[in-house]
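S.K.: Model the following, please.
(2 chains)
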Amino acid sequence: KQEVTQIPAALSVPEGENLVLNCSFTDSAIYNLQWFRQDPGKGLTSLLLIQSSQREQTSGRLNASLDKSSGRSTLYIAASQPGDSATYLCAVRPANQAGTALIFGKGTTLSVSS
Amino acid sequence: NAGVTQTPKFQVLKTGQSMTLQCAQDMNHEYMSWYRQDPGMGLRLIHYSVGAGITDQGEVPNGYNVSRSTTEDFPLRLLSAAPSQTSVYFCASSDLGHEQYFGPGTRLTVT
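M.R.: Sure, this is the predicted structure:
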């Protein structure tokens, strides 16, 4: 059974720091991996999608990498800002399913202080 | 495009009552899903659909029914609400191999 783990569960950093959020998954047979952001009391906003054949994706200050064989992904946030404070969720889409289901980690809650 | 919309935003039910959570998308996506989010448990899949007329169970389907009569709509029915169904419910849609888009959620309390 696929399991997704995110470490650390919570992270506090001062403004301006570069930081890395980690995601690991137990079964390397994935279709793709998606990173989301969730603000308190809100829905999920998609940040980056990495297909299983890709190694990384970039959007602005965000860079996500994927090492499928080792079951790991990282989300790199450059020059963090207080507005980056949120919970970041990692989710994988298993390759052996119909394609609609995502399996989520429990998230990393990031707090950036000014 | 409105994306994925959900109604209602908030709902309070008494134990034993039934209700339907509505979900609609205007992106012509084949795949739609329902998840529930609980503290400490993360997001868990309830039911999903791979197209009109086709649905299947996810990880936590008990107490919920779904149907998919059109591409756009995917309602979730609570048959007889229980306090254990107090949660935040999210609907999502996507095409195969592409990003999943989530609705804003419905916050349900069962007393």
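S.K.: Just the pLDDT for A:Q97.
M.R.: Note on A:Q97: pLDDT of 62.
S.K.: Look at residue 53 and say how many residues are nearby.
M.R.: No chain in the question, so chain A it is. A:S53 has 8 neighbouring residues, counting by other C-beta atoms under 10 Å in any protein chain shown. All C-beta spots, glycine's among them, are computed from the backbone N, C-alpha and C.
S.K.: right idea, wrong chain: chain B
M.R.: B:G53, neighbours per other C-beta under 10 Å, totals 10.
S.K.: Look up the pLDDT of the nearest residue to it once chain neighbours are set aside for me, please.
M.R.: Nearest residue to B:G53, sequence neighbours excluded (C-beta to C-beta, 6 or more residues apart in numbering or on different chains): B:R68, at 6.2 Å. pLDDT for B:R68: 96.
S.K.: repeat for the one 3 residues further on
M.R.: Predicted confidence (pLDDT) at B:T71: the value is 95.
S.K.: and if you look at A:P94?
M.R.: For A:P94, the model assigns a pLDDT of 86.
S.K.: Tell me the backbone dihedrals of A:S80, please.
M.R.: As for A:S80, its main-chain torsions (degrees, to the nearest 10) stand at phi -60, psi 150.
S.K.: Kindly provide the distance from it to A:T5.
M.R.: According to C-beta to C-beta, to the nearest Å, A:S80 and A:T5 sit 23 Å apart.
S.K.: same check, this time on A:K106
M.R.: Taken as C-beta to C-beta, the span from A:K106 to A:T5 is 8 Å.
S.K.: Show me which of those two is the more surrounded one.
M.R.: A:K106 (17 against 14).
S.K.: Confirm the more buried one sits in a helix?
M.R.: No - assignment of A:K106 by DSSP: H, G, I helix; E, B strand; the rest coil gives coil, placing it outside any helix.
S.K.: That one: what's it in contact with?
M.R.: A:5-6, A:9, B:40-42 (C-beta atoms under 8 Å, 6 or more residues apart in numbering or on different chains).
S.K.: repeat for B:T71
M.R.: With C-beta under 8 Å, 6+ apart, B:T71 has these contacts: B:28-30, B:51-52.
S.K.: wait, which of these is closest to chain A?
M.R.: Closest approach between these and chain A, by C-beta to the nearest C-beta: B:E30, at 8.4 Å.
S.K.: Show me which residues of chain A are close to chain B?
M.R.: Proximity of chain A to chain B (C-beta under 8 Å from any C-beta of the partner chain) is limited to residues A:31-32, A:34, A:36, A:42-46, A:49, A:51, A:89, A:91, A:98-107.
S.K.: Which strand residues bridge whichever residue of chain B sits closest to chain A?
M.R.: At 3.7 Å from chain A, B:Y31 is the closest residue in chain B, using C-beta to the nearest C-beta. Bridge pairing for B:Y31 (DSSP bridges) gives the partners B:S94.
S.K.: And for it, the neighbour number?
M.R.: Number of residues near B:Y31 (other C-beta under 10 Å) recorded here: 21.
S.K.: now do A:N22
M.R.: 15.
S.K.: Reduced to three states, what does B:S84 come out as?
M.R.: B:S84 is classified as helix under three-state DSSP.
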